[in-house]
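Visitor: the following comprises the amino acid sequence and a computationally predicted model.
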Amino acid sequence: MRALAAPQTFGTFEGQPVLQATILSPAGAVANILNWGAVIRDLKVPLKDGSLQRVVLGFDDFDSYLTKSPYFGALVGRYANRISNGQFTLGGKTVELDRNENGKQTLHGGSGGVSQKLWRIVDWNASSVTLGIHLPDGDQGFPGNMDVQCTYSFVGDATLRVSVEATSDATTIANFAQHSYFNLDGSSDVRDHDLRIFSEAYTPVDSDLIPTGEISLVAGTPFDFCKQRKIRSEQGITFDHNFVLSYPLNSGLRQAALLTGNNGLSMEIHTSEPGLQFYDGAMIPALRGLGGVHYDLHAGLCLEAQNFPDGPNQLNFPSGLLMPDEIYRQTTEFRFKAL
C-alpha cells in the first residue's frame, strides 16, 4: 500500500477549509472522502485486468456540491428520508422540523442536515477515516444535543465499510443513510444494470412519496427484485421506495442487495438496517460530473440502507427513537467483486 499525503484542501465553506482524505485498500481500491457532508466524493475499485473503475457519481469542484448536488455521496440525517408534514410527536408534544421539501415535508434531516455541514476529521490512516460532528439541541428542530461519528474504512481488498454512531442527551430520533449514487460500468443509463434486492415486501407511498403505512408484498408487482433482473425491464415505473429487508441477519448484517454492471463488476450491500431505499436516479438533472462526464436522468442509482421513511409517524414502522442512555449504531458494507 502506497504512502498517502495528509488530507488536502478541496474548497472553502463558511470561511473554513473543506478537506479531502484519501483511503486505500490493499488491492488498490481508493476512496476520496470530504469532511463536508461526510461525502464519498470518488470511489474506484479494481477490475480483473487491474485497472480501476469509478463506481460513484460526484463532482470535480466543491462549488458544485454547494449549488447542484442531489446529495451525491453524502451521509444524510439526523433522520434520513422523509418525515410527513415536517413534524412528529414525542412525549405527547409535537416537534416541528425544518420543512425543506415543497414546504411540506422534512427530507434528509432538513435544509441544514448533516449532509450540508462541515465535520471534523477525528482520525485518519491509510485505510480509514473517522469524521465527527456536534449537533446542538434544536438544530433543524430536532431535540437533543447529538454527537455523531462516521467512519469509512476499507476491509479486505474491495469492501468499503460505513459505520455510524450517535448519542444524544435527550430523547430524540436518529436515522442516518449513505446517499451515494452508484454506476458500476460508466454507462449513461444505470437501468441496464442487473439488480437483486433481498426483500419480499416494500412500503407503498402517496404522491408526496410519504409511506401510506402499509407493508405490501412485492410478489406479482414491479417491485419484485427477489431474482436479479435488469432495472429497465419495468417500463413506466420510477423507483424511489423503501424495501423491507426480511432476510435474517448474518454475523450482525443483513444481505440487502446485489448490483451488477455490464463490465462484470458486482456490488453486494450488507447492512444492520431494516430497510433499503432504492432510487433509480430519475430526477438527476443535466450536470457535469467527475472527470467531465455528462450526467443526466438515470446516470446513477441509490441503494440507501436505513430505518423506514416517516418511522416516527407510522405506528407499525420502527420509530427510530433514541434514548439518552443509548448509542445509535449502523454498519453498512459495500462489497465489490470483479467477475
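Guide: That came in fine, so what should we check first? Numbering: from 1, shown residues only.

Visitor: spit out the contact partners of the closest residue to Gln140 other than its chain neighbours.
Guide: With CB to CB, 6 or more residues apart in numbering as the criterion, Gln140 has its nearest non-adjacent residue at 3.4 Å, and that residue is Gly110. Any C-beta I mention is one placed from the backbone N, CA and C, and that applies to glycine too. For Gly110, the contact set (CB atoms under 8 Å, 6 or more residues apart in numbering) comprises 97-98, 100, 140-141.

Visitor: please apply the same query to Gln255.
Guide: Per CB under 8 Å, 6+ apart, neighbours of Gln255: 198, 247, 268-270.

Visitor: just give the nearest non-adjacent residue to it, would you?
Guide: Nearest to Gln255 is Phe198, by CB to CB, 6+ apart, at 5.0 Å.

Visitor: tell me the one of the contacts of Gly110 nearest Leu209?
Guide: Of all the contacts of Gly110, Asn100 has the smallest distance to Leu209: 13.8 Å, by CB to CB.

Visitor: how close does the closest residue to the closest one other than its chain neighbours sit to Leu160?
Guide: Of all residues not flanking Asn100 in the chain, Ser111 sits nearest, at 4.0 Å (CB to CB, 6+ apart). Ser111 sits 28 Å away from Leu160, going by CB to CB, to the nearest Å.

Visitor: more crowded one of those two?
Guide: Leu160 (24 against 13; other CB atoms under 10 Å).

Visitor: give me the element that one is part of.
Guide: strand 159-168 (DSSP states H and E).

Visitor: give me the residue ranges of the chain where confidence is low.
Guide: Scanning the chain with the threshold set as pLDDT under 70 gives 1-3, 248-251.

Visitor: that older thread, what about the residue nearest to Gln255, distance to Gln228?
Guide: Taken as CB to CB, the span from Phe198 to Gln228 is 11 Å.

Visitor: joint contacts of the two?
Guide: With CB under 8 Å, 6+ apart as the test, Phe198 and Gln228 both reach Leu258.

Visitor: can you confirm Pro285 is in a helix?
Guide: No - according to DSSP: H, G, I helix; E, B strand; the rest coil, Pro285 belongs to no helix; its state is coil.

Visitor: residue contacts, it?
Guide: Counting by CB under 8 Å, 6+ apart, the residues that Pro285 touches are 68, 70, 295-296.

Visitor: beta-bridge partners for the residue nearest to the spatial centre of the chain, please?
Guide: Centroid-nearest residue in the chain, with CA atoms, centre = their mean: Gln178, separated by 2.0 Å. Counting by DSSP bridges, Gln178 forms beta bridges with Leu75.

Visitor: hmm, back to that, inside strands: which ones of the contacts of Pro285?
Guide: Using DSSP state E, the subset of the contacts of Pro285 located in strands is Tyr295.

Visitor: buried ones among the contacts of Pro285?
Guide: Buried members of the contacts of Pro285, scored by 16 or more other CB atoms under 10 Å, are 70, 295.

Visitor: TSV for the contacts of Pro285, including distance to Asp208?
Guide: What follows is those, written out as TSV (distance: CB to CB, whole Å):
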residue	distance to Asp208
Lys68	24
Pro70	18
Tyr295	26
Asp296	25
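
Visitor: the helices in this protein, which residues?
Guide: Under the criterion DSSP state H, the chain contains helices at 62-67.

Visitor: list phi and psi for the spatially most distant residue from the centre of the chain.
Guide: The C-alpha centroid of the chain is most remote from Gly92, which lies 31.1 Å away (CA atoms, centre = their mean). Dihedral pair for Gly92: phi 80, psi 0, per degrees, to the nearest 10.

Visitor: mind checking how far it is from Thr171?
Guide: With distances taken as CB to CB, Gly92 is found 12 Å from Thr171.

Visitor: got it, and Asp189?
Guide: 45 Å.

Visitor: what does Gly281 give?
Guide: On the measure of CB to CB, Gly281 and Thr171 end up 36 Å apart.

Visitor: ok, these two, which is more surrounded?
Guide: Neighbours per residue, other CB under 10 Å: of Gly281 and Thr171, the larger number sits with Gly281, 25 against 15.

Visitor: my guess is that one contacts Phe182. True?
Guide: No - assessed by CB atoms under 8 Å, Gly281 is found out of contact with Phe182, at 9.4 Å.

Visitor: shared neighbours of these two, which are they?
Guide: Common neighbours of Gly281 and Phe182, counting by CB under 8 Å, 6+ apart, are 190, 300-302.

Visitor: which of those residues sits closest to Ser153?
Guide: Closest to Ser153, out of all of these and judged by CB to CB, is Cys302, at 21.1 Å.

Visitor: excluding covalently adjacent residues, which one is nearest to that closest one?
Guide: Once flanking residues are discounted, Cys302 sits nearest to Tyr279: 4.2 Å by CB to CB, 6+ apart.
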